[in-house]
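Asker: A predicted structure for the sequence below; I have some questions about it.
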Amino acid sequence: MKRRDELLDAALQCFTERGVLGTGIEEIRKAAGASPSSVYHLFDGLPDLTLALLLRTFERLFSHQTKRVLATSTAEEVVLALVDGHLEWVLAHPDEGRFMYQAMAVELSAGAAEVLLARKMELLGPIIQHTARFIAEDGVPVWTPLQLDVVLLGPSHEACRRYLAGAALDPAWIRSRLPRLAWRSIQAELPRSS
């Protein structure tokens, strides 16, 4: 497990320095001080190592978001915590955030995409379960997790992507505006009381 984490840490370092498309497995191996046999004992190659790092990144991100969301007691608090939790984590972990956005822009193999989607749905389980009561009680739109992600986190993903790529966006502005904008987008879909 220690060697695996060392390789994942080295991969993150290399991806940060050279980008996902500019990094090879040999560079990661050297950065980790690992032998070729130890690398291929743990991973089937660069795509497998990249997937493992993506899984670890999403586990860390969703763990943070889950803690924030499960502490809420209204639909509005859920939306604000979900969006701000995402922004807070990505902005505090720029190397992992940058890697996540770069790696997700590269086409994954069908098998890797299935593994990643299944794990993400598993990680989102507690958030989905917690949110279900607000869908029933407050009339929050009954959308799939993907639809909710697009509506609630689409602007946050784009802002983080651009900020991490060097755009002149102020993180304080991002965090002060985007969670409220996400809540307004949900409010617009709530049933109107007569």
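Answerer: Received the coordinates, thanks. Numbers count the residues shown, from 1 in each chain.
Asker: point out where the protein drops to low pLDDT.
Answerer: 139, 191-194 (pLDDT under 70).
Asker: ok, the spatially most central residue of the chain - contacts?
Answerer: Centroid-nearest residue in the chain, with CA atoms, centre = their mean: residue 58, separated by 4.9 Å. For residue 58, the contacting residues are 100, 116, 119, 120, 123, by CB atoms under 8 Å, 6 or more residues apart in numbering. Bear in mind the C-beta positions are built from the backbone N, C-alpha and C, glycine included.
Asker: using TSV, please lay out these together with secondary structure, neighbour count and distance to residue 180.
Answerer: Shown next, in TSV, are the contacts of residue 58 (DSSP: H, G, I helix; E, B strand; the rest coil; neighbours: other CB atoms under 10 Å; distance: CB to CB, whole Å):
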residue	secondary structure	neighbour count	distance to residue 180
100	helix	24	24
116	helix	17	30
119	helix	16	30
120	helix	18	26
123	helix	18	25
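Asker: show me where this structure has its strands.
Answerer: Shown for the chain, no strands are assigned by DSSP state E.
Asker: let me see the ranges of the helices in it.
Answerer: Along the chain, the stretches classed as helices by DSSP state H are 2-18, 25-32, 36-42, 46-70, 75-92, 94-105, 110-138, 145-148, 154-164, 171-187.
Asker: so which of these is the most surrounded?
Answerer: Mean neighbours per residue, mean count of other CB atoms under 10 Å, is largest over the helices of the chain for helix 75-92, with a mean of 21.
Asker: show me what it is packed up against.
Answerer: helix 46-70, helix 94-105, helix 110-138, helix 154-164, helix 171-187 (3 or more CB pairs under 8 Å, 6 or more residues apart in numbering; DSSP states H and E).
Asker: for the ones you listed, give me CSV that also has distance to residue 85.
Answerer: Listed next are the helices and strands packed on helix 75-92 as CSV, based on distance: least, CB to CB, whole Å:
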stretch, distance to residue 85
helix 46-70, 4
helix 94-105, 13
helix 110-138, 10
helix 154-164, 10
helix 171-187, 9
